[in-house]
Every structure is written in C-alpha cells, then in structure tokens.
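Novice: I need the structure of the sequence given here:
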Amino acid sequence: MSEKTIKITQLRSVIGCTKKQKATIQALGLGRPNYSVDRQDNPCTRGQIRVVQHLVKVEEI
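Specialist: Numbers count the residues shown, from 1 in each chain. Prediction:
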C-alpha cells in the first residue's frame, strides 16, 4: 500500500525562530522561503510540520 505524498512549501524565514524550529526546517529539507519538497504523509512528517506550521504551507498531492 502506497502512502500519500504531501508538498511542503516554506513561506517564511527562520530568522528569529527557536533552534528546534530551525532544526526541523532543515530536517524537512527546506532552508529558504519559497522552497518546496515532497514527503510521504506519515505521523513523523506531520509531527515535524506541526512544529513549524506557522512557517510552511502543506498541500496534498
């Protein structure tokens, strides 16, 4: 069974964010505003998104 894929786009800069939020953005493979990555939709990824939800936009593919 294949999992869904989600597209994560970074909207805001990490300047002024906590170390945890900066590390989470890096772990997702992002780094600069308007960068996007495709990731599997699973609980681990959703947990990372929750940490930085104010910095990213999530779309289901």
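Novice: Chain neighbours aside, what residue packs nearest to residue 48?
Specialist: residue 24 (5.2 Å; CB to CB, 6 or more residues apart in numbering). Where C-beta positions appear, they are placed from N, C-alpha and C, glycine not excepted.
Novice: I'd like to know how many residues surround the one you found.
Specialist: Using other CB atoms under 10 Å, residue 24 has 21 neighbouring residues.
Novice: again with the one 5 residues further on
Specialist: When neighbours are counted by other CB under 10 Å, residue 29 registers 13.
Novice: Now do the phi/psi pair for the nearest residue to residue 14 once chain neighbours are set aside.
Specialist: Leaving aside its chain neighbours, residue 14 sits nearest to residue 22 (4.8 Å; criterion: CB to CB, 6+ apart). Backbone torsions for residue 22, taken as degrees, to the nearest 10, come to phi -60, psi -40.
Novice: Any buried residues in the host helix or strand of residue 37, and which?
Specialist: Residue 37 is part of strand 36-40 when elements are defined by DSSP states H and E. Going by neighbour count (16 or more other CB atoms under 10 Å), the buried part of strand 36-40 is residue 39.
Novice: residues making contact with it?
Specialist: 3-10, 28-30, 45, 61 (CB atoms under 8 Å, 6 or more residues apart in numbering).
Novice: List buried residues within those.
Specialist: Buried among those (16+ other CB under 10 Å): 6, 8, 10, 28, 30, 45.
Novice: related to what we said a few turns ago, my read: the residue nearest to residue 14 touches residue 15, true?
Specialist: No. In this structure residue 22 lies outside contact range of residue 15 using CB atoms under 8 Å: 9.3 Å.
Novice: Compare these two (neighbour count), which wins?
Specialist: Comparing residue 22 with residue 15 by other CB under 10 Å, the one with more neighbours is residue 22, at 16 against 6.
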